[in-house]
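**Q** Let's see this in three dimensions:
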Amino acid sequence: MRYLALLLAAGTLLAGFTATKMIHAMPAKSLAAAGNPASVDTSKWNWPDSLDAVKAAPASHKIIFENDSVRILYVTINPGATEPIHTHKWRSVAWCAHSAPFTLYQYDLDKNHKLVIVDSFTNTKMSLNKKNVWAPESPHAIKNLGKDTLVLYRCEFKQ
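**A** All right, here's what the predicted structure looks like:
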């Protein structure tokens, strides 16, 4: 509950941030490989709504609050599980409530318009109680490599 209160407060304070103030926490190599620059223009978003995290990965992405400006997600990935391929169209701020080692797989379309893995990296542990500011994310999936559930709260800024 403490993290939800932090996210709601952060959402209120950060809703006015411009895109130029947002940065991406993912390695530049991964961004370049996935064709997802740190300053994505969501008006030119090329991924279908069917890949939206809540639609494509509903078991791991639950809406806990949403209005016209923000959407707050409760994200959980069970030990050994790999979530379905999905996207995040909006910039966001996330806090890790419970860490676990994971591998992030990034996808892009091949010449036959099939989603294929173009990059991956493994993170042994996310910092707890530290904000992560992310740009919109192209198709990706996370595999929990640990023995504990990975838990994040993610506040997405729609405007």
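**Q** CA atoms for contacts and neighbours, from now on please.
**A** Fine.
**Q** Packing partners of the host helix or strand of K62?
**A** Under the criterion of DSSP states H and E, K62 resides in strand 61-66. Judged by 3 or more CA pairs under 8 Å, 6 or more residues apart in numbering; DSSP states H and E, the packing partners of strand 61-66 are helix 53-56, strand 70-77.
**Q** how does it look with 10 Å?
**A** helix 2-14, helix 53-56, strand 70-77, strand 150-157 (3 or more CA pairs under 10 Å, 6 or more residues apart in numbering; DSSP states H and E).
**Q** Now the helix or strand following the third one: buried residues?
**A** The element immediately downstream of strand 70-77 (helix or strand, assigned by DSSP H and E) is strand 86-88. Neighbour counts over strand 86-88 (16 or more other CA atoms under 10 Å) mark 86-88 as buried.
**Q** So which other helices or strands are in contact with strand 86-88?
**A** Checking 3+ CA pairs under 10 Å, 6+ apart, strand 86-88 ends up next to helix 53-56, strand 102-109, strand 137-144.
**Q** Need the CA coordinates for the last one. PDB is fine.
**A** Just to be clear, that refers to strand 137-144. Extracted C-alpha coordinates of strand 137-144, given in PDB (Å, rounded to 0.1, in the frame of the first residue of the first chain):
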ATOM      1  CA  GLU A 137       8.700   0.400 -24.600                       C
ATOM      2  CA  SER A 138       8.400  -1.600 -27.800                       C
ATOM      3  CA  PRO A 139       7.500  -5.400 -27.700                       C
ATOM      4  CA  HIS A 140       9.300  -7.100 -24.800                       C
ATOM      5  CA  ALA A 141       8.900  -9.900 -22.300                       C
ATOM      6  CA  ILE A 142      10.500 -10.600 -18.900                       C
ATOM      7  CA  LYS A 143      11.400 -13.900 -17.500                       C
ATOM      8  CA  ASN A 144      11.700 -14.200 -13.700                       C
END
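**Q** what angle do it and strand 102-109 make?
**A** 150 degrees (axes from the mean of the first three to the mean of the last three CA atoms, to 10 degrees).
**Q** Now do strand 137-144 and strand 150-157, the angle between them.
**A** 160 degrees.
**Q** for strand 137-144, packing partners?
**A** Partner elements for strand 137-144 (3+ CA pairs under 10 Å, 6+ apart): helix 28-34, helix 53-56, strand 70-77, strand 86-88, strand 102-109, strand 115-123.
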